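S.K.: Quick one, fold the following:
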Amino acid sequence: MGKKIYVGNLGYDVTDAALQTLFAPHGTVQSAQIIIDRSTGRSKGFGFVEMGTEDEAKAAIAALNGQDNGGRALTVNEAKPREERPGGRSGGGYGGGGRRY
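M.R.: Numbering: from 1, shown residues only. Purely as a prediction, here's the structure:
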């Protein structure tokens, strides 16, 4: 099983392919994905890479964390599990829009 890596402080023009190319020298890249803002269609400036092994992930983190990429110092570390946020789409929050008399 691969290891997922968080990559932050990316330029807004970085693509999935460019992210994969950046990590390829450090091992097998199983996936590389830039996170896109749904409302604007633009990069949020971070993404995730999944490496083939834990050792490859550690090597990539050691090599790339803090490195300059397009004038930005990359933040590269182990991805944390996603936390549930209150008020998400699956309930909670405030009702809306009913007719008022």
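
S.K.: Enumerate every residue touching residue 29.
M.R.: By Cβ atoms under 8 Å, 6 or more residues apart in numbering, residue 29 lies in contact with 20, 23, 49-52. Heads up, the C-betas are built off the backbone N, CA and C, glycines and all.

S.K.: buried sites along stretch 63-76?
M.R.: Neighbour counts over stretch 63-76 (16 or more other Cβ atoms under 10 Å) mark 64, 69, 74, 76 as buried.

S.K.: So which of those residues sit within strands?
M.R.: Of the positions in those, 69, 76 sit in strands, assigned by DSSP state E.

S.K.: Among the buried residues of stretch 63-76, which has the minimum pLDDT value?
M.R.: Least confident entry in these, by pLDDT: residue 69, with 94.

S.K.: which residues does that residue bridge with?
M.R.: residue 72 (DSSP bridges).

S.K.: so it touches residue 11, yeah?
M.R.: Yes: between residue 69 and residue 11 a contact is recorded at 7.1 Å, counting by Cβ atoms under 8 Å.

S.K.: ok, back up a step: of all the buried residues of stretch 63-76, which comes closest to residue 7?
M.R.: Residue 7 lies nearest to residue 76 out of the buried residues of stretch 63-76, by Cβ to Cβ, at 5.4 Å.
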